[in-house]
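Novice: quick one, fold the following:
(2 chains)
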Amino acid sequence: MKNVNVPALVVFVLFFALVTVMGFLASRWRRADNAQHLDEWGLGGRSFGTWITWFLLGGDLYTAYTFVAVPAAVYATGAAGFFAVPYTIVAYPLVFLFLPRLWSVSRVHGYVTPADFVRGRYGSRPLSLVVALTGILATMPYIALQLVGIQAVLDVLGVGGGANANWFVKDLPLFIAFGVLAAYTYSSGLRAPALIAFVKDALIYIVIIVAVIYIPIRLGGYGHIFDAAAQKFSAPKSAGSLTVPGNKQWTYATLALGSAMALFMYPHSVTGVLASRSRNTVRRNMAIMPAYSLMLGLLALLGFMAIAANVSKGDKAFNSQLSVPQLFADMFPDWFTGVAFAAIGIGALVPAAIMSIAAANLFTRNVYKEWLKPSATSADETRIAKLVSLLVKVGALVFVLGMDKQAAINLQLLGGLWILQTFVAIVGGLFTRWFHHWALFAGWAAGMAYGTWEAYGIASPATRHFGGNAAEIPGIGQIGYIGLTAFVLNLLVAVVLTLVLRAVKAPEGPDETRPGDYSAEAGDDELENAPEPVAAH
Amino acid sequence: MSSESDLTEPVMPEPPGEPVPAVTPERVLAGLALLVPIVAMLWVSSYDKADPAVGGMPFFYWYQLLWVPVSAVFTVAAYLLINRDEKARKAARRAARTAGDAR
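Specialist: I've put the predicted structure just below:
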């Protein structure tokens, strides 16, 4: 068993206590008149301005798992793991095109989730249901992975009791962390992660800036760091390289594009966007979000520093997920290690809170109200959403503790592939009503089935199935991201079936939106008659 | 009412009643500004090499990191262009409405 790093642990616990207090106080922050409306609990009253939205989205999209997994991928494979950087570069210009439209139409009609929009646009309950279920399915393992991020930190801190402690002592810190998280999410809703995101992002920026300056100085400069990496990857059986091998370039590009397209299909990303005050807030944020991408790029470089610092100490079975926590512990003074670990730990809480709220909104609006209790009032909706947010977190905890950690990682990879299959229905619907809702349904089903089947067939050293996310693209012969291939199939099926259904004049559902709704901004006529969100005072 | 709309008419980009066309120079330029970073990043073979290194960092890495701020500049440009375009559209819609009221 490792020794407990006491100074680091003390700093870690202090920060954790600070954000806990903030989480509970958040319910008083910018409070509105009508706390019983789901807009209040689930979207923070749709009142967040540019900076709060920036912190919220940053806290939401760049999760603890990102901080652990991106450098871990670079540590293990080199250049291939760096795809996260082009992914975030591509994402913002791409979503700039359609997120303002989603904000406007959602604001005019009071939509809380992407599935609400699909319901209103196509008048199709089944299509809306599968969009909602896909969202919940993709979010659950993502929440579970936030726990994996906290576990990595606790392991290196020396708490968690090591492998031979009994399971209760081992996981007690996790229980506490998640219990606290669940309690303040329940009472404060989206305001809690929005407020905590300030602390989280400030800590992350400080830690990364210190790390990319201080650690290279201690390791003898970037030249030495990359030399060490080159030497590691030149070993005969090495899986990595410093540039992308020619036959992997397609994989690199399709992973970047597919992940970028999937990013704002995730319910928690949409929640962050819909919580903003105006259409222009959304646009402005797409222009300032790259500050986080820069941080992510620097973070990825920590993977190379971990190689140069020899964090594995020659241990062949070293878990690459621990490379960055171990790097911090080896390089920083103890108290600053505590700050760095607090950054990762709090970095898990913010997205976990938003994800559970997003999943709860989906269940409440698109399953409970739509299918189980159509007469539900706003107060009922809020009550159910709060309860579901608890259930979702308990589910994630059981998932991580009861199942293999590898299963959570596999499912998260699959989640990205799945959520991408809602792209045609959502983004297509934002621009045109041409697609027939049954064609979109069939396209979704084809994409899901193909993607899952292909992923099932991929083995890796760690797992027999679902061991990766790239396979040969039929007709092109290159290795590419399965999610993107499935998306193309999805789109083709939707187009062909729409042509067929239009030819036979199949009946369509009603469309409750009008063209002007998609460009409505605060102050426009369209918004004057809109369901008024209980505005903050 | 009508005198008011007459006063504001000279600054309208279009005569009242006629909507701004779907394709404007602003929209085209904004689209291009958004397209540039996407193309640059997906064209992997253009930057998949180690030399020239800067400060010990291979080309592959510093080039992509450099694209983060560059892409932000393009997105800001698109934001400003679209803002201009939407203002013109809003003004045209208002003019059309006031003209309709006056009739």
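Novice: and residue A:280, that's in a helix?
Specialist: Yes - counting by DSSP: H, G, I helix; E, B strand; the rest coil, residue A:280 falls inside a helix.
Novice: report the contact partners of the closest residue to chain B within the stretch 201-350 of chain A.
Specialist: Nearest residue of the stretch 201-350 of chain A to chain B, counting by C-beta to the nearest C-beta: residue A:223, 2.7 Å away. In short, each C-beta sits where N, CA and C put it, glycine included. Counting by C-beta atoms under 8 Å, 6 or more residues apart in numbering or on different chains, residue A:223 makes contact with B:53, B:55-56.
Novice: can you narrow the residues you listed to ones near chain A?
Specialist: Among the contacts of residue A:223, proximity to chain A is found for B:53, B:55-56 (C-beta under 8 Å from any C-beta of the partner chain).
Novice: tell me where chain B has strands.
Specialist: Using DSSP state E, chain B contains no strands.
Novice: any idea how many residues pack against the single nearest residue of it relative to chain A?
Specialist: Proximity of chain B to chain A (C-beta to the nearest C-beta) peaks at residue B:56, 2.7 Å away. Neighbour count of residue B:56, defined by other C-beta atoms under 10 Å in any protein chain shown: 15.
Novice: for the chain, give the helix that spans the most residues.
Specialist: No chain specified, so I'll use chain A. Longest helix of chain A, by residue count under DSSP state H: helix A:125-157.
Novice: nope, chain B
Specialist: Ranked by number of residues, the top helix in chain B under DSSP H is helix B:59-102.
Novice: and it, average pLDDT?
Specialist: Mean per-residue pLDDT for helix B:59-102: 87.
Novice: likewise stretch A:132-143?
Specialist: 90.
Novice: could you report the pLDDT at the spatially closest residue to residue A:10 that is not a sequence neighbour?
Specialist: Nearest-residue entry for residue A:10: residue A:338, 6.7 Å, with adjacent residues in sequence omitted and distances by C-beta to C-beta, 6 or more residues apart in numbering or on different chains. At residue A:338, the pLDDT value in this model is 88.
Novice: would you double-check that residue A:338 falls in a strand?
Specialist: No - secondary structure of residue A:338 (three-state DSSP): helix, not part of a strand.
Novice: what's around it, how many residues?
Specialist: Using other C-beta under 10 Å, residue A:338 has 24 other residues around it.
Novice: for it, what are its contacts?
Specialist: Residue A:338 touches A:5, A:7-12, A:15, counting by C-beta under 8 Å, 6+ apart.
Novice: closest one of those to chain B?
Specialist: Comparing the contacts of residue A:338 against chain B with C-beta to the nearest C-beta places residue A:15 closest, at 28.0 Å.
Novice: what's the local residue count around the closest residue to the closest one other than its chain neighbours?
Specialist: In space, residue A:15 comes closest to residue A:342 once its chain neighbours are excluded; the distance is 3.6 Å by C-beta to C-beta, 6+ apart. A total of 25 residues lie near residue A:342 under the criterion other C-beta under 10 Å.
Novice: any low-confidence regions in chain A?
Specialist: By pLDDT under 70, the weakly predicted segments of chain A are A:1-3, A:30-35, A:160-169, A:404, A:523-537.
Novice: next, name the residue at the spatial heart of it.
Specialist: Nearest residue to the geometric centre of chain A (C-alpha atoms, centre = their mean): residue A:61, 4.9 Å.
Novice: any idea whether residue A:435 is helix, strand or coil?
Specialist: coil.
Novice: next, count neighbours for it.
Specialist: Applying other C-beta under 10 Å, we find 24 residues neighbouring residue A:435.
Novice: what about it, distance to residue A:104?
Specialist: Going from residue A:435 to residue A:104 by C-beta to C-beta, to the nearest Å gives 20 Å.
Novice: still on that earlier bit, tell me the pLDDT of the residue of chain B closest to chain A.
Specialist: We have a pLDDT of 85 for residue B:56.
Novice: any idea which element the closest residue to it other than its chain neighbours lies in?
Specialist: Leaving aside its sequence neighbours, residue B:56 sits nearest to residue A:223 (C-beta to C-beta, 6+ apart; 2.7 Å). If you go by DSSP states H and E, residue A:223 is part of helix A:221-233.
Novice: mind listing what's buried in that helix?
Specialist: A:222, A:225-226, A:228-230, A:232-233 (16 or more other C-beta atoms under 10 Å in any protein chain shown).
Novice: could you give the angle of that helix to helix B:59-102?
Specialist: Relative orientation of helix A:221-233 versus helix B:59-102 (axes from the mean of the first three to the mean of the last three C-alpha atoms, to 10 degrees): 110 degrees.
Novice: who's in contact with stretch A:425-444?
Specialist: A:98, A:101-102, A:105, A:114, A:117-118, A:121-124, A:126-127, A:130-131, A:134, A:265, A:421-422, A:424, A:489-498, A:500-502, A:506, A:508-509, A:511, A:518.
Novice: residues from the stretch 1-150 of chain A in reach of chain B?
Specialist: A:79, A:82, A:85-86, A:88-90, A:92-94, A:96-97.
Novice: near chain B, which residues of the stretch 151-300 of chain A show up?
Specialist: For the stretch 151-300 of chain A, the residues in contact with chain B (C-beta under 8 Å from any C-beta) are A:221-227, A:242-244, A:246, A:249-250, A:252-253, A:256-257, A:280, A:283-284, A:286-288, A:290-291, A:293-294, A:297-298.
Novice: 7 Å - rerun?
Specialist: Within reach of chain B by C-beta under 7 Å from any C-beta of the partner chain, the stretch 151-300 of chain A has these residues: A:221-223, A:226, A:242-244, A:249, A:252-253, A:256-257, A:283-284, A:286-287, A:290, A:293-294, A:297.
Novice: drop anything exposed from those residues.
Specialist: Buried among those by 16+ other C-beta under 10 Å: A:222, A:226, A:242-244, A:249, A:252-253, A:256-257, A:283-284, A:286-287, A:290, A:293-294, A:297.
Novice: sitting in helices, which of the residues you listed do you find?
Specialist: Among these, the subset assigned to helices under DSSP H consists of A:222, A:226, A:249, A:252-253, A:256-257, A:283-284, A:286-287, A:290, A:293-294, A:297.
Novice: report the two of those residues separated the most.
Specialist: The largest separation in those, counting by C-beta to C-beta, is between A:226 and A:283 at 37.9 Å.
Novice: list the buried residues of stretch A:416-434.
Specialist: For stretch A:416-434, the neighbour count (16+ other C-beta under 10 Å) marks A:416-430 as buried.
Novice: let me see the contact set for the residue of chain B positioned farthest from its centre.
Specialist: Centroid-distance maximum for chain B: residue B:56 at 37.0 Å, with C-alpha atoms, centre = their mean. By C-beta atoms under 7 Å, 6 or more residues apart in numbering or on different chains, residue B:56 lies in contact with A:221-223, A:226.
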